[in-house]
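J.: I need the structure of the sequence given here:
(one chain, ligands or ions: 1)
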Amino acid sequence: MENAKIFITGGAGFIGSYVVEELLAYKPARIIILDNLIRGSLENMQAFINNPVIEFVEGDIRDRELLEKCVAGADYVFHMAALRINSCAANPRDGFEVMLQSTFELAELCLKHKVKKVIYSSSASVYGLAQHFPTPETDNPYDNQTFYGGAKLWGEQLFRSYKFMFGLDYVALRYFNVYGARMDTDGKYTEVMIKWLDCIRDGKAPLIYGDGSTTMDFVYVRDVAKANVAALLAEVTDEAFNVGNCEETSLKQLLHTLLKVNNSTLAPEYREANSVNPVSRRLADNTKAKNFLAFQPSISLEEGLYELSQWYFEKQKIKI
Ligand SMILES: NC(=O)c1ccc[n+]([C@@H]2O[C@H](COP(=O)([O-])OP(=O)(O)OC[C@H]3O[C@@H](n4cnc5c(N)ncnc54)[C@H](O)[C@@H]3O)[C@@H](O)[C@H]2O)c1
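T.: Have a look, this model is predicted:
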């Protein structure tokens, strides 16, 4: 990777900004970030925006000319720009343009400009409610009901076909529930941590909608960034990998740990479930990533929630 030119879409975002930080340690010649800041921010890039290796381009991946300028000369591409699951549901046409059309244009441009490898951010959403727990990559994707999950799966299949037809090397990473400092504070699945942190700050009872038995597999963002770099460095192509923490955590357990790391004695209050969540369980099987990428998550939920809490309270300049 030393002296390589790397292009990253969505590099001003939550996960993307950590991938950039991780990549800088490998001394690339250049990292070009294309982001329209619809969700990403200059604040996320604070640690590296003034580094001479970094070139930040504020713009849209739907702008093909701009996209080509960024891809031209790149050795490696990380494709992370995407709309959130809720945005895709609210505006499927935008979802189509950003997640499908632009990913297609990017694949075409990677081929044209002889990019050596693409690392594609996919999602555990491709499984819908999985068939097996822990879920291996071989579980089928037919239970996904979301536009977002469908778009991520199509992206994987697009790169798969471009490998088959034209030899374009790629790896797809199916992230589970990513959390950590700089995380999204409005997302459907992640906002609960932030809402509870607000309750801890204000000394109010945290609310659990439903019985709190829905489970997720929470993986810390720095581990996800490490998986991205591992996917680039490993001699592997044409494969999709789960990236989770391999721990199934219910909402109830999540709240318990969040209260614990913040030394809070607040008790939760339960409310009737206000939405139907078709995905009641998530648990990754990371065996494949361990074998092919030598990737293993290293940050426990307790450590991660502590770091998240510190960041969130610091951000608000609130002392608890
Ligand atoms: N956060 C998670 O739990 C999670 C789970 C599975 C998969 N993913 C995937 O990982 C990737 C990164 O996610 P994240 O959590 O960092 O989200 P994020 O929203 O913070 O990052 C996405 C970035 O893409 C940018 N972007 C969106 N549309 C764009 C466009 N048209 N042109 C240019 N830039 C655009 C946004 O401004 C943002 O900075 C995404 O592909 C996402 O789908 C995330």
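
J.: where do the helices of the protein begin and end?
T.: Ranges of helices in the chain, per DSSP state H, are 14-24, 64-71, 85-90, 92-95, 102-112, 147-166, 191-202, 221-233, 251-261, 287-293, 301-315.

J.: between these, which gets nearest to the ligand?
T.: helix 14-24 (3.5 Å; CB to the nearest ligand atom). Bear in mind the C-beta positions are built from the backbone N, C-alpha and C, glycine included.

J.: roughly how far does residue 180 sit from residue 311?
T.: 8 Å (CB to CB, to the nearest Å).

J.: actually residue 11, not the one I typed
T.: Noted for residue 11: a distance of 19 Å to residue 311, by CB to CB.

J.: if we can go back for a sec, using JSON lines, please lay out the helices of the chain together with distance to the ligand.
T.: Conversion of the helices of the chain to JSON lines gives the following (distance: least, CB to the nearest ligand atom, whole Å):
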{"stretch": "helix 14-24", "distance to the ligand": "3"}
{"stretch": "helix 64-71", "distance to the ligand": "9"}
{"stretch": "helix 85-90", "distance to the ligand": "8"}
{"stretch": "helix 92-95", "distance to the ligand": "8"}
{"stretch": "helix 102-112", "distance to the ligand": "6"}
{"stretch": "helix 147-166", "distance to the ligand": "7"}
{"stretch": "helix 191-202", "distance to the ligand": "11"}
{"stretch": "helix 221-233", "distance to the ligand": "8"}
{"stretch": "helix 251-261", "distance to the ligand": "14"}
{"stretch": "helix 287-293", "distance to the ligand": "14"}
{"stretch": "helix 301-315", "distance to the ligand": "13"}
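
J.: and the ones you listed: which comes nearest residue 124?
T.: Closest to residue 124 of the helices of the chain, according to CB to CB: helix 147-166, at 8.6 Å.

J.: which other helices and strands contact the closest one?
T.: Counting contacts by 3 or more CB pairs under 8 Å, 6 or more residues apart in numbering; DSSP states H and E, helix 147-166 packs against helix 85-90, helix 92-95, helix 102-112, strand 117-123, strand 170-175.

J.: which one of the ones you listed has the poorest average confidence?
T.: Mean pLDDT per stretch puts helix 85-90 lowest among these, at a mean of 92.

J.: could you list the domains of the chain?
T.: Domain assignment for the chain by automatic domain parsing gives 5-177+221-243, 179-217+247-285+299-315.
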